[in-house]
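Novice: Make a model of this:
(2 chains)
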Number of protein chains: 2
Amino acid sequence: MPTPAAKSHAYAIGADYGTNSVRAVVVDLADGAEVASAVYHYPSGEAGILLDPKDPNLARQNPADYFEGFHRSVAAAVKAAKRQRGFRPENVVGIGIDTTGSTPVPVDRQGTPLAMLDEFHDHLAAHAWLWKDHTSFAEAAEITEKAGRSGDGYLAKCGGVYSSEWYWSKILHCRRTAPKVFAAAYSWVELADLVPAYVTGNLDPEKLPRGICSAGHKAMYHAQWGGLPTARFLRELDPLLVPLAERYAKPALTADQRAGGLTAELARKVGLPAGLPVAVGAMDAHTGAVGAGIKPGTLVKIIGTSTCDMMVAPLADALPDVPGLCGIVPGSIIPGMYGLEAGQSAVGDIFNWFVKYLAPAAYTAHGDPHANLTHAADRLRPGESGLLALDWNNGNRTILVDPRLSGMMLGQTLHTTAPEMYRALVEATAFGALTIINRFEEYGVKVREVVNCGGIAEKNPFVMQIYADVCNRPMKVSRSPQTCALGAAAFGGVVGGAYKKVEQAQRKMTGVKPHVYRPNKAAAAVYAELYGLYRALHDAFGTDGYQGKLNHVMKQLIAIRDRARK
Amino acid sequence: MPTPAAKSHAYAIGADYGTNSVRAVVVDLADGAEVASAVYHYPSGEAGILLDPKDPNLARQNPADYFEGFHRSVAAAVKAAKRQRGFRPENVVGIGIDTTGSTPVPVDRQGTPLAMLDEFHDHLAAHAWLWKDHTSFAEAAEITEKAGRSGDGYLAKCGGVYSSEWYWSKILHCRRTAPKVFAAAYSWVELADLVPAYVTGNLDPEKLPRGICSAGHKAMYHAQWGGLPTARFLRELDPLLVPLAERYAKPALTADQRAGGLTAELARKVGLPAGLPVAVGAMDAHTGAVGAGIKPGTLVKIIGTSTCDMMVAPLADALPDVPGLCGIVPGSIIPGMYGLEAGQSAVGDIFNWFVKYLAPAAYTAHGDPHANLTHAADRLRPGESGLLALDWNNGNRTILVDPRLSGMMLGQTLHTTAPEMYRALVEATAFGALTIINRFEEYGVKVREVVNCGGIAEKNPFVMQIYADVCNRPMKVSRSPQTCALGAAAFGGVVGGAYKKVEQAQRKMTGVKPHVYRPNKAAAAVYAELYGLYRALHDAFGTDGYQGKLNHVMKQLIAIRDRARK
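Specialist: Residues are numbered from 1 along each chain as shown, chains lettered A, B, ... in the order given. Sure, this is the predicted structure:
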C-alpha cells in the first residue's frame, strides 16, 4: 500500500517489554500502520532470564537490560523508520511503554535498581523479579489468608486469591529470604513504572508516577480503601512493608497521563526530540487489549503460551465483583472504564508440552511437529476421538484461581492416537476459553465480539476454528501482529496530543483482519455436548461445591508427589 | 538336573491351543518337568486369524488349522522327547487339551466344521468364531437384557453381564447376519470340545462330550436350571436356538473325565499308542490355573495382554454370587470345586498401546521401547510423578463388567514425561489387580497367596514389584513358563490313571520359583494412599451408586464418538 501524503502524518512509538526482549515499533497515528520496528534481546541469563539451577521457581532479570534495551531498540526503530518515505523524527509526538508484570524491581533512594550497584550485582534477589517467578508461593498463601480475614475486601478485586506472581508476595519473600537486599531497597518499582521513570529522568521512588494498571492488578491498589492496602493490614504481614507503601506516589495514574519528557541524553541516543512526551506505563496484556480495539462488549484474547482475556466496562455500570477474575481495576486498560482481566494459565504451553514430552517419532522426525500433528488432527471430526481433556497442566487461573490443579485426559482406548490427543488438548483449551466467556456473561458483562491476538491467533487456523466451533461465536483476529506495542503507541499518541482520548486513537489505529473464523453449526452442536461433559469434570475436580467430592484428588496427588520428591 | 531312573517315569501330553498357534508339551508326570515341546503356527489369515478389513470387530479362524495343528505339534513334541534320555512313547499315559474360548465352531450333522466343506469354505461365518471376535455386541446386550428380565438367575453366575465374546451371542449374531450358515449348522461346538472330539473320533454333535468349563463360563450352563438356558428363554431370543440346545450332550463334564481314546490314524501320525486316553477339554486360563498350582486360597493371575484371575472354592462352602466376576462354575477348574474367574480387559495391551502410539523417539529409536521406558520408570519413586490413571483402555471386565468404559490419566503438568506416564499405566493395572483381590475377599473368598504366570510375570520384574507394592502382598511366579499346557497334561495324567485326582497331580507337578516379589513397606504406604484416590475415580466414573454422577461421562463420549464416526 502506498503511504498517503506524508505531511499530515504524526507518529508515536510503542516500546513493548516482553519476557525475552523489548520491541520498539514506530506507528503511523493516522491508521496504526507499523512504519518500522526493532527488537533487542536481553543479553543476561538464558534468553534474558536469570535462573537458579537449585530452584525451578526462580526467574529474575537484569534491570540493566531494560535500560540498555530502550535506547537500542528505539534508536534502531527510528533509524529504520527514516528509510521510509515521509517519516521524520520530529513528527513523532509521543512514546508509550508496556511491560510484563508484576515484575517489581528493588531500588535505592535514588531509584537506581540495586542490581546495578556493585554491592548487589551478584545477588539474585536484587534483580528484577520477573512475572513468572514463583518463589513466593508461601507468602502468596499467607497474604490470601490474611486478606480474607481482614474484611477489607482486597480479594474481591483480584478474583479471590492473591498470586505468588504479584508485588507484595515477592517483596515479602525477599524480606524473609534476602533481608540485606530488602533492607537496602528504599522502594520496589514495577517494571511498567521503572522504564518511563528512567526515560524521563524521574527515578525518585517517592515521585515517579505509578501506573494504575500494575498498582491495581498486582499491588491491591484500589480507591475503595484509599490506594494500597492499609498500614494495619501490611503491618500484619510485616511492619517493614509499611514504609514501602508510604513512599509509593499517589494517586496511581492511567496510561493516558504524561509520565514526563524524554531526557536529552536519551533523546540524543535514540534520535528523537528531547522532552518528547512519555506516557505512564502499563502492562503488556492491557495495552495489547487497547491495540486490539477493546471496547465495552469486546473480549480481547491474547493467546500465546498462556492467555490473557481482557474486557472493559463503563465505570457508570454497576459491576459486581466477578469471582475468579484476576482483577477488576478502574482505568487499567481504558481510562474511565473498569479493566477486567481473566486468563488461562497454559494454552500454547500445553501443546508444547505434548510435542516435547510425548509426540512419537512419526510426528517429530521431519518438519515441524506442531504442523505434523495439526495436519493429522485437523482431519478428525469433533467428538470422533472419544477423548476429553482438562486444560489444567499449569493449574487454572480463571475461573477457579487454583494453581494446584493438574491436567487430565479421559476416553483413551487401545487405539487412541497422538493426533487425537493433541486435538483433545486444543479442544480443552477452547473449553477453558468458553468457561471464561460464560463467567463474564453470568455477571452481566455481555461479550458481543471476540478479538484474538498473539502468536496462536496469528498463525494457527486449526486452533482458531476449534475456538469458533467450541464457543459457537465468530473469532476475529486483530489486524496488527503487535497489539501490545500498538496500544502503547496509542497512549503515546494521546500524551503527544494527537488524540484527546485513547478511544479516538483506537478507532483510527486498530481493527481486525478481513478473515473471521465462523462457527460450523454441526461442529458447534457436538461441542455443546462435549462442553457439558467438560463442565461436569471441571466442577467435580475443581470446585468444592460439587456433591461427588472429587476436588481432593488432584491436590492430594500433588501433596503425595511433593512428599515423594523430598 | 539329571533325569531320575527312567523306568518309574510316566508322561502326559498337554496340547495348548492359543490365539496364534498350538503348543504340544511332553511332561514328566513325576515332577511336571517339560521334556520336550513343539509349536505349530496356524497358517491361515494373519498370524492365524481371519480378518475383515471392513469390520475391526471380526476375528475368525480356520478349523482345519486346529486339526492339522494337533498332529503336527504333538508329532514334533514326541519326536523331540525321544531324543531325551529315558523317554519312551509307550510311557505316555494320556493327553489333555486346552484351548481359547469362547471359540464356537459351526458343524454339520457329522460334526465336520462347515468351513471345511467346499460350499462354506469362503464364508467367514462358517469358520471358528475366535474368542476375541466382537461382532456380536448387539446380541450380547439383548441377551443381557432378556436374561435380566427372565428371573432365571443366569446373570448372577456370569458377573451380571453376558459378553459379546460368548457362545450364544455369536450364534445369535450368525442367525441374524448369515442365515445360510446358521441353517447349515447342526450344532455349534466350542473349540475346547471340538479338538478332543476330533482326536478321539467322536465328532457326532449330539454325543461328543461338552466340557463344563466352556459350557459353564460361556454358554450359561448351570445345574441350577438343569444345564443350558431353558427353551423358554432361548425361544425368546430366537426359536431356532432351541434345537441347538437340545442337541448338546448332557451333563457337561469336568476335565478329569475321559473324552475317549486317540484314533488309530492320529496315533500313527503322532507316534503314540492308539486308544491313549484323552481328557475332556477345558479353556486355557483354567488349565493354566491348574498348572500354576491353584487351590483354595491361591489366586492365580495369568498376566499377558489382558489378565485372567482364577480362584477355586470347595463346593461345600456356601459361596455367594460375587458381583462382577466373569463366572462361577462348579468344576470348571478343579473337579469338585467352584471355579471363579475374574480378569482385567487390558494389561500388557495398555503398555503396548503407549509404546505404539505415544512413546517419543528418545525411547523408541534404539533398543526395546518397553525396556527403555521401564529403565527410566523404574527410577521413579511411588507417587513422585503426581499421576494417576485408570486401566480401562479396553473397558473393565472385573469388577465393573463394562466394556463401555475408557482410559483416563490425571495429574499431568507441563513437565510430565513419557516414563512417568508409562509407570502410571503400570500402576493403574496394579490398582485394577488389587480391586479384584479385594472383591474376592469382600465376598468371603480369602486370598492367601498370589501366583502369577504368563509373559509379564515371567519377564517383567518392574511390573511384578509394583504389583507386590500396590497389593501389599508377596507376588509368587509359577515355576513353569507353560502353565496352560502343564495343567492340560495334569488332566492327561489323571485320565491316564497316573493320578486319581488332579490335586494329587498338582502337588507333584506344579510349584513356584524361588524368587518371590515382596512388598516394600514405604512404597506400599504411598500406594495405599494412591489406591484411595484410584478407588474414588473408579467409583465416580464406573458405578451409578456414586453421588457425584460422573458415570455418564465415558459412555456419553463413546456415544458421541460413534455418531461422529458414522
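Novice: could you pull out the strands for the stretch 351-500 of chain A?
Specialist: Secondary structure of the stretch 351-500 of chain A (DSSP state E, counting those that start in this stretch): strands at A:388-390, A:407-412, A:449-453, A:475-477.
Novice: any low-confidence regions in chain A?
Specialist: Counting by pLDDT under 70, chain A has low-confidence residues at A:1-8, A:545-549.
Novice: Just want the most central residue of it.
Specialist: Against the mean C-alpha coordinate of chain A, by C-alpha atoms, centre = their mean, the closest residue is A:Ala285 at 4.1 Å.
Novice: Go through the strands of the stretch 351-500 of chain A and name the closest to A:Ser73.
Specialist: strand A:449-453 (20.5 Å; C-beta to C-beta). To be clear about C-beta, it is placed using only N, CA and C from the backbone, and glycine gets the same treatment.
Novice: Who are the packing partners of the closest one?
Specialist: If contacts are counted by 3 or more C-beta pairs under 8 Å, 6 or more residues apart in numbering or on different chains; DSSP states H and E, strand A:449-453 sits against strand A:298-303, helix A:461-471, strand A:475-477.
Novice: just the angle between it and helix A:461-471, please?
Specialist: With axes from the mean of the first three to the mean of the last three C-alpha atoms, to 10 degrees defining the directions, strand A:449-453 sits at 160 degrees from helix A:461-471.
Novice: Need the contact partners of strand A:449-453.
Specialist: Here strand A:449-453 makes contact (C-beta atoms under 8 Å, 6 or more residues apart in numbering or on different chains) with A:288, A:291-294, A:297-303, A:437, A:464, A:467, A:471, A:473-478, A:480-481, A:483, A:512.
Novice: For chain A, which helix extends over the most residues?
Specialist: Looking across chain A with DSSP state H, the single longest helix is helix A:418-442.
Novice: can you give me how far that helix is from the chain middle?
Specialist: Per C-alpha atoms, centre = their mean, to the nearest Å, the displacement of helix A:418-442 from the mean C-alpha position of its chain is 19 Å.
Novice: Roughly how far does the residue nearest to the centre of chain A sit from A:Asp309?
Specialist: A:Ala285 sits at a distance of 9 Å from A:Asp309 (criterion: C-beta to C-beta, to the nearest Å).
Novice: List the residues that are in contact with both of these two.
Specialist: A:302, A:341, A:343.
Novice: okay, these in a markdown table with neighbour count and distance to chain B next?
Specialist: Compiled in a markdown table, the shared contacts of A:Ala285 and A:Asp309 are given as follows (neighbours: other C-beta atoms under 10 Å in any protein chain shown; distance: C-beta to the nearest C-beta, whole Å):
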| residue | neighbour count | distance to chain B |
| --- | --- | --- |
| A:Ile302 | 27 | 19 |
| A:Glu341 | 26 | 22 |
| A:Gly343 | 21 | 16 |
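Novice: Mind putting those residues into JSON lines with distance to A:Leu228?
Specialist: Shown next, in JSON lines, are these (distance: C-beta to C-beta, whole Å):
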{"residue": "A:Ile302", "distance to A:Leu228": "27"}
{"residue": "A:Glu341", "distance to A:Leu228": "19"}
{"residue": "A:Gly343", "distance to A:Leu228": "23"}
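Novice: And those, which is closest to A:Tyr42?
Specialist: The shortest gap between A:Tyr42 and any of the shared contacts of A:Ala285 and A:Asp309 belongs to A:Ile302, at 20.8 Å (C-beta to C-beta).
Novice: Would you confirm that that closest one contacts A:Met310?
Specialist: Yes: A:Ile302 lies in contact with A:Met310 (C-beta atoms under 8 Å); the separation is 7.4 Å.
Novice: where do the contact lists of the two overlap?
Specialist: Joint contacts of A:Ile302 and A:Met310 (C-beta under 8 Å, 6+ apart) are A:285, A:288-289.
Novice: Restricted to strands, list the residues you listed.
Specialist: The strands, defined by DSSP state E, take in nothing from the shared contacts of A:Ile302 and A:Met310.
Novice: Closest one to chain B out of those residues, please.
Specialist: Nearest to chain B, judged by C-beta to the nearest C-beta, of the shared contacts of A:Ile302 and A:Met310 is A:Ala285 at 20.2 Å.
Novice: ok, that closest one - contacts?
Specialist: A:302, A:308, A:310, A:341, A:343, A:484.
Novice: Show me the strands paired with the host helix or strand of the fourth one, marking each as parallel or antiparallel.
Specialist: Secondary structure assignment for A:Glu341, by DSSP states H and E: strand A:337-344. Sheet pairing of strand A:337-344 (DSSP bridges) gives strand A:307-314 (antiparallel), strand A:327-330 (antiparallel).
Novice: Redo those as CSV? Include distance to A:Thr416.
Specialist: Shown next, in CSV, are those (distance: least, C-beta to C-beta, whole Å):
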stretch, distance to A:Thr416
strand A:307-314, 27
strand A:327-330, 39
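Novice: any idea what A:Tyr66 is structurally, helix, strand or coil?
Specialist: Following DSSP: H, G, I helix; E, B strand; the rest coil, A:Tyr66 is assigned to helix.
Novice: wait, doesn't it sit right on A:Tyr17?
Specialist: Yes: with contact defined as C-beta under 8 Å, A:Tyr66 and A:Tyr17 form a contacting pair (6.5 Å).
Novice: Compare these two (neighbour count), which wins?
Specialist: Comparing A:Tyr66 with A:Tyr17 by other C-beta atoms under 10 Å in any protein chain shown, the one with more neighbours is A:Tyr17, at 32 against 24.
Novice: what separates the residue nearest to that one when sequence neighbours are not counted from A:Val300, distance-wise?
Specialist: In this structure, A:Tyr17 finds its nearest non-sequential neighbour in A:Thr99, 3.7 Å apart by C-beta to C-beta, 6 or more residues apart in numbering or on different chains. A:Thr99 is 18 Å from A:Val300, where distance means C-beta to C-beta.
Novice: how about the residues of the stretch 451-566 of chain A that lie near chain B?
Specialist: A:526, A:529-530, A:533, A:536-537, A:540-541, A:546-550, A:553-554, A:556-558, A:560-561, A:563-565 (C-beta under 8 Å from any C-beta of the partner chain).
Novice: can we see that at 7 Å?
Specialist: Within the stretch 451-566 of chain A, the positions adjacent to chain B are A:526, A:529-530, A:533, A:536-537, A:540, A:546-550, A:553-554, A:556-558, A:560-561, A:564-565 by C-beta under 7 Å from any C-beta of the partner chain.
Novice: now the residues you listed: which count as buried?
Specialist: A:526, A:529-530, A:533, A:536-537, A:540, A:546, A:548, A:550, A:553-554, A:556-558, A:560-561, A:564 (16 or more other C-beta atoms under 10 Å in any protein chain shown).
Novice: Helices - which of those land there?
Specialist: A:526, A:529-530, A:533, A:536-537, A:540, A:553-554, A:556-558, A:560-561, A:564.
Novice: ok, which stretches of the stretch 1-150 of chain A are strands?
Specialist: Secondary structure of the stretch 1-150 of chain A (DSSP E, counting those that start in this stretch): strands at A:11-17, A:21-28, A:34-41, A:50-52, A:55-61, A:92-99, A:104-107, A:128-129.
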